[in-house]
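> Let's see this in three dimensions:
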Amino acid sequence: MRPTGVVILAVLQTIFSVQILLAGLGMVWGAVSLSQNSDRLVSQYWVPMLVLAAVILVTGGLGLWVAWGLFKLKQWAWLPTLVFQGLFLLVVVPGFLPSLHPILFLAIALSGSILYYLLRPEVKQLFGR
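I've put the predicted structure just below:
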C-alpha cells in the first residue's frame, strides 16, 4: 500500500509537469507565430524561442516520468524529486521574490513541505535510501 503522502506527491508532480508541458506548447505556438512575422527584428527570435520550448517540453516529460516513478515507489524517483524542488527554491523563487506575490509564499511553503516530507526517514526508506 502506497502512503497517502507519496500519492499526493505523485499527483502534484503530474499537475506541475502538465503545466510545464502546456507552457512549452505555448512557446512553440509563439515561436511559430514569430517566424511568420515580417518584422526582421522580431522574427529573429523564433529559433531561440523554439530551442527553449524544446527544453521546457523535455523537462515536462521528465516530470511526468518522475511522477510515475513516485507513484510506483521506484527507488530512482526520490532523487529527481528532491532536485526539482531544490532547484525551484534556488532558481525560481529568487527571480520572483521582489514581487512578493502571495502565490509565491504558497509555492515556497509547498516546495519546502515536499522537501521536508522527502527527507523524513520513513519516506527515504520507502525509496531505498
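
> give me every residue that touches the nearest residue to Gly112 once chain neighbours are set aside.
Excluding the flanking residues, the one nearest Gly112 by C-beta to C-beta, 6 or more residues apart in numbering is Leu89, at 7.3 Å. For every residue, glycine as well, the C-beta is placed using N, CA and C. Neighbouring residues of Leu89 by C-beta atoms under 8 Å, 6 or more residues apart in numbering: Ile108, Ser111, Gly112, Leu115.

> can you pick the most crowded of those?
Most neighbours among the contacts of Leu89, by other C-beta atoms under 10 Å: Ser111, with 18 neighbours.

> Work out for me the element it sits within.
helix 102-118 (DSSP states H and E).

> from the chain's centre, how far out does that helix sit?
13 Å (C-alpha atoms, centre = their mean, to the nearest Å).

> now stretch 3-17
12 Å.

> In that stretch, which residues are buried?
Gly5, Val6, Leu9, Ala10, Gln13, Thr14, Phe16, Ser17 (16 or more other C-beta atoms under 10 Å).

> which strands and helices sit next to the very next helix or strand once past the helix holding Ser111?
Going down the chain from helix 102-118, the next helix or strand is helix 121-126, by DSSP H and E. Judged by 3 or more C-beta pairs under 8 Å, 6 or more residues apart in numbering; DSSP states H and E, helix 121-126 is in contact with helix 4-35.

> rewinding a little: would you mind giving the buried residues of stretch 3-17 as CSV with distance to Gln125 added?
Formatted as CSV, the buried residues of stretch 3-17 follow (distance: C-beta to C-beta, whole Å):
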residue, distance to Gln125
Gly5, 13
Val6, 12
Leu9, 15
Ala10, 18
Gln13, 20
Thr14, 24
Phe16, 25
Ser17, 26
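
> wait, which of those residues is closest to Lys72?
Lowest distance from Lys72 to the buried residues of stretch 3-17 (C-beta to C-beta) belongs to Ala10, with 8.6 Å.
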